[in-house]
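Student: Fold the stuff below for me.
(chains A and B)
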Amino acid sequence: MANMKDEAISQNRGLFSGLDVQGRVLGALFMREIVTRFGRHNIGFLWLFVEPMMFTLGVTALWYFANANHGSNLPIVAFALTGYSSVLLWRNMPARCVSAIEPNQSLLYHRQVKLIDVYAARILLEGAGATMSFTVLSIVYLSLDLIAVPEDVLKVILAWLLLTWFGGALALCIGTMAFFSETVEKLWHPMSYIIFPLSGSAFLVEVLPPRAQEFVLILPMVHGIELLREGYFGSKVHSIYDIGYMVNVTLGMTFVGLLLLRIVSKRVVPG
Amino acid sequence: MITLEHIQRRYKTLHGQVTVLKDVNFSIARGEKVGIIGKNGAGKSTLIRLISGAEQPDAGKIIRRMSVSWPLAFSGGFQGSLTGLDNLRFICRIYREDWRKHVDFVQDFTELGAFLREPLGTYSSGMRSRLAFALSMVIDFDCFLIDEVMAVGDHRFHERCHVELFEKRANHAMIFVSHDPGFMRDRCERLSVLHDGILYNFDDMDEAFHFYYN
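Tutor: Okay, the predicted model is just below:
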């Protein structure tokens, strides 16, 4: 028994026992995050997606009553659902990761808990919340006849996965950079506010003047949101995106994020 | 058997690099009780974290042929916003144990009563160390790393630790860090002295203390 355990947690663990250990650690951290964040009072872990849903609903209501002009004849409800839900991914994941180390630092005393698990648990939790909120609202709107069935569900899923990956990679980069300087945390919040109106959540790229299109298409998430809208509304919109570009940038960010993680992992001391 | 060969550990600080451990060689076999002494800031806790694997050395090799506990200090490894029971669940999950089987032991050892279901933030330091100690007894390690944990707590706590460690787990290996010479003399078979980044291993207690005090 002791030997088995020893093997499972030894440094040179095999691939499968390694995956098993990581799976268990991730699961444990995931549960822990849920309890620390949402507690056991009132609706508990339901806040995980009720909170992002409230955000999306609030923004939808604002846009609806302000009669916001987004340059298309899509119903505002559908527009806000596709736009704002994806903002939750790339904005909340980094926000959770800038302060991931400190509250979890004492857990690093357990050698099977690695920094990557700490970040991954937070990214997964944020992703799960945003995904559930998006799915639940889609189903509710559908059953109330506020939106039509997505024209290409697979495309919607692909776009959602891409946006999730982008959010995760961004979170890893910003989260690890925050270890080196507190300024990163201070900068990220205003930055995310400034990027929000440019992120494609509140407009279709098509309606922008060509110069502006070029500019906003530098932002990778714009491509993802455009793809998402094409999947949702199909022929009713003309989406402009380059998935190759989004994948390349996200791949680069993932690489940089993992590289930074390696450096931070060596520096951070359990405590 | 755990073996450390030529371990080095440096930290980056605002005033440049500090080498805490320059050349550490050490080994402990199954069932051995070894004490580590050294002045404040000598790097004892760093050494313990390295042995546990929570931290990696900058140079050198650590070979673990038995399972090692996490460094059992009085509070490390737990989170204040979670309850004692949550922390038990977490530990059991990452070490693949069924937490339900251990609730009674933890309840009994810690004497926390209803506080087991309260956040750690509401605990006194004595309650915390009782919980920390109980949780580490839940997992059956071959070697326990015990960093000053006996320095806190009251007489009763000491007695119960004593039963758990030296009676029930008498055949387990243990590494102690402590400033209490009496304790070290009673409980350890040999001592190592950490001084200036180098670990001096002694088989003879008196020699070790003589070296330490001079």
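Student: Pull the contacting residues for whichever residue of the stretch 151-271 of chain A sits closest to chain B.
Tutor: For the stretch 151-271 of chain A and chain B, the shortest gap (C-beta to the nearest C-beta) falls at A:P270, measuring 4.7 Å. Placement of C-beta: from N, CA and C, glycine included. In this structure, A:P270 makes contact with A:Q105, A:S106, A:L107, A:L108, A:Y109, B:R49, B:A54, B:E55, B:G76, judged by C-beta atoms under 8 Å, 6 or more residues apart in numbering or on different chains.
Student: So what does the residue nearest to the spatial centre of chain B look like in phi/psi?
Tutor: The residue lying closest to the centre of chain B (C-alpha atoms, centre = their mean) is B:I146, at 2.4 Å. When read as degrees, to the nearest 10, the backbone of B:I146 gives phi -120, psi 110.
Student: Next, the contact list for it, please.
Tutor: With contact taken as C-beta under 8 Å, 6+ apart, B:I146 is in contact with B:L72, B:L165, B:M174, B:I175, B:F176, B:V177.
Student: Closest to B:L14 out of the residues you listed?
Tutor: For the contacts of B:I146, the minimum distance to B:L14 (C-beta to C-beta) is 26.8 Å, reached by B:V177.
Student: The closest one and B:L72: what is the separation?
Tutor: For B:V177, the distance to B:L72 equals 10 Å [C-beta to C-beta, to the nearest Å].
Student: what does B:G31 give?
Tutor: 18 Å.
Student: neighbour-wise, which of the two wins?
Tutor: Higher neighbour count among B:G31 and B:L72: B:L72, with 24 against 15, using other C-beta atoms under 10 Å in any protein chain shown.
Student: quick one: that one and B:E159, what's the gap?
Tutor: 17 Å.
Student: Surely B:G43 touches B:H195?
Tutor: No - with contacts counted by C-beta atoms under 8 Å, B:G43 stays clear of B:H195, the gap being 9.6 Å.
Student: between the two, who's got more neighbours?
Tutor: The neighbour comparison of B:G43 against B:H195 (other C-beta under 10 Å) goes to B:G43, with 26 against 14.
Student: the helices in chain A, which residues?
Tutor: A:2-9, A:15-38, A:47-65, A:76-97, A:101-104, A:115-143, A:153-180, A:182-195, A:210-216, A:220-233, A:243-267 (DSSP state H).
Student: export these to a markdown table and tack on distance to chain B, mean neighbour count and mean pLDDT?
Tutor: Converted to a markdown table, the helices of chain A look like this (distance: least, C-beta to the nearest C-beta, whole Å; neighbours: other C-beta atoms under 10 Å in any protein chain shown; pLDDT from 0 to 100):
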| stretch | distance to chain B | mean neighbour count | mean pLDDT |
| --- | --- | --- | --- |
| helix A:2-9 | 4 | 16 | 42 |
| helix A:15-38 | 4 | 17 | 86 |
| helix A:47-65 | 15 | 17 | 86 |
| helix A:76-97 | 15 | 24 | 90 |
| helix A:101-104 | 7 | 16 | 88 |
| helix A:115-143 | 9 | 20 | 94 |
| helix A:153-180 | 11 | 22 | 96 |
| helix A:182-195 | 14 | 14 | 91 |
| helix A:210-216 | 40 | 12 | 92 |
| helix A:220-233 | 32 | 26 | 94 |
| helix A:243-267 | 7 | 15 | 96 |
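Student: Not counting its neighbours along the chain, what's nearest A:L146?
Tutor: Among residues not flanking A:L146 along the chain, A:V77 sits closest, at 4.8 Å (C-beta to C-beta, 6 or more residues apart in numbering or on different chains).
Student: Check B:G53 too.
Tutor: A:R111 (3.5 Å).
Student: who's in contact with that neighbour?
Tutor: Here A:R111 is in contact with A:I9, B:S52, B:G53, B:A54, B:W70 (C-beta under 8 Å, 6+ apart).
Student: what helix or strand is the residue nearest to the second one when sequence neighbours are not counted on?
Tutor: With C-beta to C-beta, 6+ apart as the measure, B:P71 is the residue that lies nearest to B:S52, at 5.1 Å, once sequence neighbours are left out. When secondary structure is defined using DSSP states H and E, the element that contains B:P71 is strand B:68-72.
Student: Wait, A:L260 touches A:A171, no?
Tutor: No - using C-beta under 8 Å, A:L260 makes no contact with A:A171, being 11.8 Å away.
Student: Would you list the phi and psi of the residue of the stretch 51-200 of chain A found nearest chain B?
Tutor: Per C-beta to the nearest C-beta, A:R111 is where the stretch 51-200 of chain A lies closest to chain B, at 3.5 Å. Here is the backbone geometry of A:R111 (degrees, to the nearest 10): phi -70, psi -20.
Student: circling back to that earlier point, which residues touch the residue nearest to A:L146?
Tutor: Each residue near A:V77 by C-beta under 8 Å, 6+ apart is listed here: A:T60, A:Y64, A:Y141, A:L146, A:I147.
Student: how far is the longest helix along chain B from where the chain is centred?
Tutor: In terms of residue count, the longest helix belonging to chain B (DSSP H) is helix B:125-138. Its chain's C-alpha centre and that of helix B:125-138 lie 12 Å apart, by C-alpha atoms, centre = their mean, to the nearest Å.
Student: so does that helix get close to chain A?
Tutor: No - judged by C-beta under 8 Å from any C-beta of the partner chain, helix B:125-138 stays clear of chain A, getting no closer than 10.4 Å.
Student: re the thing from before, thought the residue nearest to B:S52 was touching B:K44?
Tutor: No - at 10.3 Å, B:P71 does not count as touching B:K44 under the criterion of C-beta under 8 Å.
Student: Who has more neighbours out of the two?
Tutor: Between B:P71 and B:K44, B:P71 has the larger neighbour count (other C-beta under 10 Å), namely 28 against 22.
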